[in-house]
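Q: I would like to see how this sequence folds:
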Amino acid sequence: MNANKHASLRSLKSDLARVDAHTLEAEELEELPELTEEMLARATVNKGGRPISKNPRKLISIRLPEQVIERWKATGAGWQTRMAERLSEIR
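A: Modelled structure (predicted):
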C-alpha cells in the first residue's frame, strides 16, 4: 500500500455484538427454504479478485543506478508504468 494513502475505516453500521450473541430458534430454522436441485443448478461460484490480464506482467529483478531510479520517481506516481512503456518502445 502506498505510504501516503491510509486504509479507510469502514463501518458496517451494525451491532455485531448483538448479531454474534443471537442463537437460532427452531422456528427460525423452519422458515429457511430447502435447497432444491434447481437452486443448486443455478448457483455460480464467484471467486472475486482481479480479472485475468490479457497482457500479464512478469516479476524480474534488475539493478539500476540510484540516479536513474530517483529521476523516474521524480516524475510522480505511475513512474513504473511509464518506465515499462518506455522500455517496450525500444527495439
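
Q: which stretches in the chain count as helices?
A: 16-21, 26-31, 37-42, 66-73, 79-89 (DSSP state H).

Q: where are the low-confidence patches of the chain?
A: 1-12 (pLDDT under 70).

Q: how close does the spatially most central residue of the chain sit to P33?
A: Residue closest to the average C-alpha location in the chain (Cα atoms, centre = their mean): G49, at 5.2 Å. According to Cβ to Cβ, to the nearest Å, G49 and P33 sit 30 Å apart. Placement of C-beta: from N, CA and C, glycine included.

Q: thinking again about what came up before, between the helices of the chain, which gets nearest to N55?
A: helix 79-89 (10.1 Å; Cβ to Cβ).

Q: and the gap between S88 and R82?
A: Taking Cβ to Cβ as the measure, S88 falls 11 Å from R82.

Q: the two: which is more packed in?
A: Neighbours per residue (other Cβ atoms under 10 Å) separate S88 from R82, with R82 holding more: 13 against 8.

Q: touching, the more buried one and T75? I think so.
A: Yes - using Cβ atoms under 8 Å, R82 is in contact with T75, at 6.5 Å.

Q: what's the spacing between the residue nearest to the centre of the chain and R42?
A: Taking Cβ to Cβ, one finds G49 at 23 Å from R42.

Q: one more: K73?
A: Counting by Cβ to Cβ - K73 and R42 are separated by 50 Å.

Q: more neighbours: those two, which one.
A: Taking other Cβ under 10 Å, K73 and R42 do not tie; K73 has more neighbours (12 against 8).

Q: quick one: contacts for the more buried one?
A: W79 (Cβ atoms under 8 Å, 6 or more residues apart in numbering).

Q: equivalent analysis for R82, please.
A: W72, T75.

Q: if we go to 7 Å?
A: Residues in contact with R82, defined by Cβ atoms under 7 Å, 6 or more residues apart in numbering, are T75.

Q: begin at 18 from now on, thanks
A: With the count now opening at 18, the last piece we talked about shows up as R99.

Q: relative to E106, how far out is it?
A: Relative to E106, R99 is positioned 11 Å away (Cβ to Cβ).
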